[in-house]
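>>> Predicted model, plus sequence, below.
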Amino acid sequence: MDLREAWKKLGEEHLEKPATWKAIEHPEKGRSKHPVIKLKKSLETTLVFAVVFLLVFVVLIFLFDPWLVKLFIGIVIGAYVFFTWYNYITYLNLKLQWQKAFEGSLKAALQNIHSVVYKSIRFQEKASLFIYPFSAIAGYMMGLSLHQNFEDDIRDTRIIVIMFIAAAVLTPLCYYLAKWMYKISYDKYLNQLQSLIHEIDKPE
């Protein structure tokens, strides 16, 4: 089965062989339904949201006076900086491998794209588990700091216990919510890409 038939089987638009790609318009210039293009758009969307949330937390750190609140907001900012950078590197790697698909081995390029995006998503899912507790505590402290007696409240054992319980509850909730969002934004197209890679090896 050739690539044109494989792509048709997936219910998407035709995918030309590399030899003919150079003679037609680059798929990125059109409204392509190719899974690589969809993954690229998903990464772009992720980057936009990451930058927006990063800017929001940068503003927040100047709106709260208690140093403890600033500390936890700063940790969240550091996490957003890291994940924004990590997603940008993933985005650049995807674009590089996508270009290589036009110049060399199609299968190898698609496999590399799948590997780069899959590993990036799985890593971020696991790494986020260490960030969610700090995010929950930062949010809790921001609300607590609105009280005039913040310094006294933060020493109250009951409030500390409630804060840690909230972090313990919100962390798995945030994890599974993020996992669900990744599934919608990435897993569908990763599965399509993997199916396409398998179709390349099938005899015509």
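The structure has been received and is ready for your questions.

>>> Leu173 is in what secondary structure piece?
helix 157-182 (DSSP states H and E).

>>> can you pull the buried residues of that helix?
163, 167, 170-171, 174, 178, 182 (16 or more other C-beta atoms under 10 Å). The C-beta positions use only the backbone N, C-alpha and C, and glycine is treated the same way.

>>> give the contact list for the residue sitting nearest the centre point of the chain.
Centroid check for the chain by C-alpha atoms, centre = their mean gives Thr46 as the closest residue, at 5.3 Å. Thr46 sits next to 87, 185 when contact means C-beta atoms under 8 Å, 6 or more residues apart in numbering.

>>> What confidence value was assigned to it?
Per-residue pLDDT puts Thr46 at 93.

>>> for Lys22, same thing?
Predicted confidence (pLDDT) for Lys22: 39.

>>> Likewise for Glu13?
41.

>>> Need the mean per-residue confidence for stretch 183-199.
The average pLDDT within stretch 183-199 is 89.

>>> and the longest helix for the protein?
As assigned by DSSP state H, the longest helix anywhere in the chain is helix 67-103.

>>> what separates that one from the chain centre, distance-wise?
Computed by C-alpha atoms, centre = their mean, to the nearest Å, the chain-centroid distance of helix 67-103 equals 9 Å.
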